[in-house]
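> Generate a structure from the sequence data that follows.
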Amino acid sequence: MSKRAAPTEPAAPPASKRVKLSKVDHQASYLREPIQPVNGAMAMVLSNGVQSGEFPHDALYLAINADFVKRMTPIAETCYQACDWEEFRAAVLEYLEARSNTNVEVEHKSNTQDGREATIKAWDERFVGDSADVLRKTILYHTSNVESLYARYIPIVQPPQSAFSILNTRSKATGFPPRDLDVTNFLTTYKTEQMARKRCHWFMVALFETLREYITDIDNKIDINTIQPAGEQPQNIAQKLRYLMTHGQSFKEQGPLRIAFYDLVVGKALHYCDSQAKMDDYHLYETAELLKGEISKDLPLVIACDEVHRLAEPLDDGPDVAPFAPRWTFLHLLRQQLSVIVRCRHIVTVFLSTASQIQSFTPPSVLDPSARLLPRGFRLLPPFTALGFDQLARRMVGPGKVHIEDIVKDGFICRFGRPLFGTRYKHGSTLDKDTIVEFAAEKLLGGAVPMNGKISSSGELACLANRLALSLTAQEVQLEQVANHMRMFITVKDGNQTAVTVAASEPILAEASQLITSRLQKNLPQLLKDALEGPSLDLGDRGEPVALLLLTMARDKAVATAPTEIALPTHVRKPEEDIPFADAFPFAQLHFNHFIRVTDFKVINRRYLCRAFARGAAILCAPHQTGIDALLIALIDWREPLAPDNIMAIPIQIMRDQPFGPEPWTSLFDIMDPYDLGIYDGDAPPSIRVVFALASLLPGTTILQGPPRESAHLMPVGEGEEEQEPTRQSRRLMKKEEEGQEQEQEALQKQKRTGEEQRQEEKAKMPPKEPAKGKGKQLQDENIKTPHEKFTSYDIWCAGASSKTFAVIDSADDSVFASLLRLDSAASRYEPLSCEPPHAGAVKRHMHPASCVGDDHWVFWGPADEPGQDEDFDDEHGYVADSDTI
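Take a look at the predicted model:
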């Protein structure tokens, strides 16, 4: 970390004069009168930004760049006069980003005048949901329980969009609400740890003193009689403090009442620092205790610090510090001051941050830098994460309420998830409404959407995770996604060591992901391949991400299904349902833009699938779900409103094992019985069932046909074709190249033999199938003699993952999908690196004995007639080396 420095502090100014502490160059930090020309000051700010790591190294040369100087001089002149260079820093960062994207128009949908007005109006929207009540009760619980508590503060690592803060230490001039500039500079400008400790102590004292002065005379401080209409005047102390902290705030700065409040606080703190008064913990405790009589017992004082991760940057006392000495942060010093007032039950501090540095706020005891915490058995409060979701979608959807043309509109989908998007859409202009997806894309990327087709690897992962319900493993990757890419923080476990995060179902972000990826130079297969090669993602046991990617690509490109003239039902319940595919679903409509991973088997039911359909979600099944791995949801008749009885499910099973080749395994379809799966409680509509045999050596698509029919539209089943079961025949639709027919047939026979052996073993182990009970009237019909007659189904077997099987795959991407399926496979683990000789793979397989069927995993075992090394092993003394062995 770079060394922070500041000149000697001046005497405290009168309380009436606003203290303007700006983080400018080291020589002129607190000077009120400029002493350098504008261009020289610009160069100094750039130099300091490079030293602190805020700007890249080549930013030093911007001072002699004619284009930069021309653009930035007007901004610099304004900052120069105000002695506040934060706007200039923000402009430099934007200039650098735009310059890196040559000839690229950088979009900022959230930074327009209309966008800023919409944000301010959304901020005043009435709070809805239960999270505020949960937080209040959590705070009250912590005010009564002080046993072995180190300090009473609660971290919130993903603050609600409609909260307000008493103190905002945001590091940048952008964002809303605006930061408290004077406070931020006072708390983050120091020379040594001792100076930082001193500033922290006296700031807390000044804050409590000023707050008590205001509370005792709050009506005059906010000039309550001028608030019109009279019916909207705040009534209790909490409402009046909120008015004090929020009234008159704009996108650029806080309101005048709040500014005056912190002018007084910082002025007092500076005066105490300059007076060389001795820091007294009892004085701090007594000052805080005096507030007890001014507030309600049922409503403690909450000191909310926003964007507090800025205070978690390590302090650096210079080169004299020992190399392995603990690096304290201002946040740790603030915690020490809060520990002094831990017995003041009427005061609770809340730390809010979007940076998700959970171990900076509540680290495990063994990692905490405080020497008091672990030896004395103190504890920290866990983070608060119960912030809620879908606040604006309460009771919005129900049976018979909406049609499919309603649920695909931006104004509908933006109400799901966080209230950020729904409130902006409500209060925004026509342009804001039209660009709500672009606004969501900016939030998802944590910045502007570049038009040159390049985003960060973390941004690529965020786009995939939001649509494919990816589970991440690496903690640092998860926290980065929470901090910068809208991933949801659910809870912590293992003593604050492990964060639990999810890519929640937020359809507006799924639309944003699709928009972003459509502009990238990489396509979706390449994005997934790059993500799987990283440290935080694996392919899964069955290759679920690949299958979901194929379905998502098909959705995006609206690829048609198999030809309808041959798509007849595999199983038929009623003679009138023995019709081609297109005739069976004349008004059916699929709708999804993302997958969600469910954790409860019971979600696979019409009642819940209807609700998932309303938010544009398809299903990735819970681990160990019997029979299926994923499920698409369709509306049977788009002309009718959304209701459970108008919903049909498309179950999908995913296989990544070699035995599953181009020949369909009918037993896999048998276990996809919609009644046994609990999808339908009553009469089931015609069903579509799909199996992905991704590891098949030969590509192809097979539409399974039922017993021979006399219908004129049916093509006869070819003679001599092997039957899977006595009453079924299959007709394969397979595209094959003329070249290499012999090699393909050999591979097919090998895979077929392997599959047949495993199929017979599986069939012998399967117990007789008992009919399910209580699944509706169809199962109680005595005329039903076989499970297949309970429902009508169209069964599809997709072998391989290439352009020959899926029209959505471009032939140029066949190698990418082949690489995807090799990732994390048993064979890929032992492949030699580019710097290793070919036989390194065999040596690596030796290191994992008895795990696979290759000879390299069984080098210890040989035929009885093959000479071994027994003559070199002495039972008494162990291995005896040959004389020539080194």
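
> where's the residue lying closest to residue 256 once chain neighbours are set aside, which helix or strand?
In space, and not counting its chain neighbours, residue 256 is closest to residue 248: 5.5 Å by C-beta to C-beta, 6 or more residues apart in numbering. Backbone N, C-alpha and C define where each C-beta goes, glycine included. Per DSSP states H and E, residue 248 falls between elements, in no helix or strand.

> okay, residue 248: pLDDT?
In the prediction, the pLDDT value recorded for residue 248 is 87.

> quick one: contacts for it?
When contacts are counted by C-beta atoms under 8 Å, 6 or more residues apart in numbering, residue 248 is found next to 254-258.

> buried subset of those residues?
254-255, 257-258 (16 or more other C-beta atoms under 10 Å).

> Now do the same for residue 305: helix, strand or coil?
What DSSP: H, G, I helix; E, B strand; the rest coil gives for residue 305 is strand.

> Use 8 as the first number for this chain going forward.
Shifting the count to begin at 8 puts that one at residue 312.

> Looks like it contacts residue 356 (just checking).
Yes. Between residue 312 and residue 356 a contact is recorded at 6.8 Å, counting by C-beta atoms under 8 Å.

> burial measure for residue 134, as a count.
Close neighbours of residue 134, defined as other C-beta atoms under 10 Å, add up to 12.

> residues in contact with residue 435?
So residue 435 contacts 121-122, 125, 443 (C-beta under 8 Å, 6+ apart).

> I'd guess residue 856 is in a strand, am I close?
No. Residue 856 sits outside any strand when classified using three-state DSSP, being coil.

> Now do it against residue 849, distance only.
Distance, residue 856 to residue 849, using C-beta to C-beta, to the nearest Å: 12 Å.

> how about the buried ones among the contacts of residue 255, which pair is most distant?
261 and 264 (8.6 Å; C-beta to C-beta).

> Convert the longest strand along the chain to CSV, retaining C-alpha atoms only.
Under DSSP state E, the strand in the chain containing the largest number of residues is strand 654-662. This file holds the C-alpha atoms of strand 654-662, laid out as CSV (Å, rounded to 0.1, in the frame of the first residue of the first chain):
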residue,chain,number,x,y,z
ILE,A,654,-48.9,-25.5,-17.8
MET,A,655,-47.0,-28.4,-19.2
ALA,A,656,-43.5,-29.6,-18.3
ILE,A,657,-40.7,-30.8,-20.6
PRO,A,658,-38.4,-33.0,-18.4
ILE,A,659,-34.8,-33.4,-19.5
GLN,A,660,-32.3,-35.9,-18.5
ILE,A,661,-28.5,-35.2,-19.0
MET,A,662,-25.9,-37.9,-19.4
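
> That strand: what's the following helix or strand?
Counting by DSSP H and E, the element after strand 654-662 in chain order, helix or strand, is helix 673-677.

> what is the mean pLDDT for that following helix?
pLDDT averaged over helix 673-677 gives 90.

> ok, and for it, which residues are buried?
Neighbour-count burial for helix 673-677 flags 673, 675-677 (criterion: 16+ other C-beta under 10 Å).

> And the helices in the stretch 358-507 of the chain?
Assigned by DSSP state H, counting those that start in this stretch, the stretch 358-507 of the chain shows helices spanning 365-368, 411-414, 417-420, 426-434, 437-441, 443-452, 464-475, 482-491.

> Please, where are all the strands along the stretch 8-157 of the chain?
For the stretch 8-157 of the chain, no strands turn up when DSSP state E, counting those that start in this stretch is the criterion.

> low-confidence ranges in the stretch 458-607 of the chain?
458, 501-503, 565-574 (pLDDT under 70).
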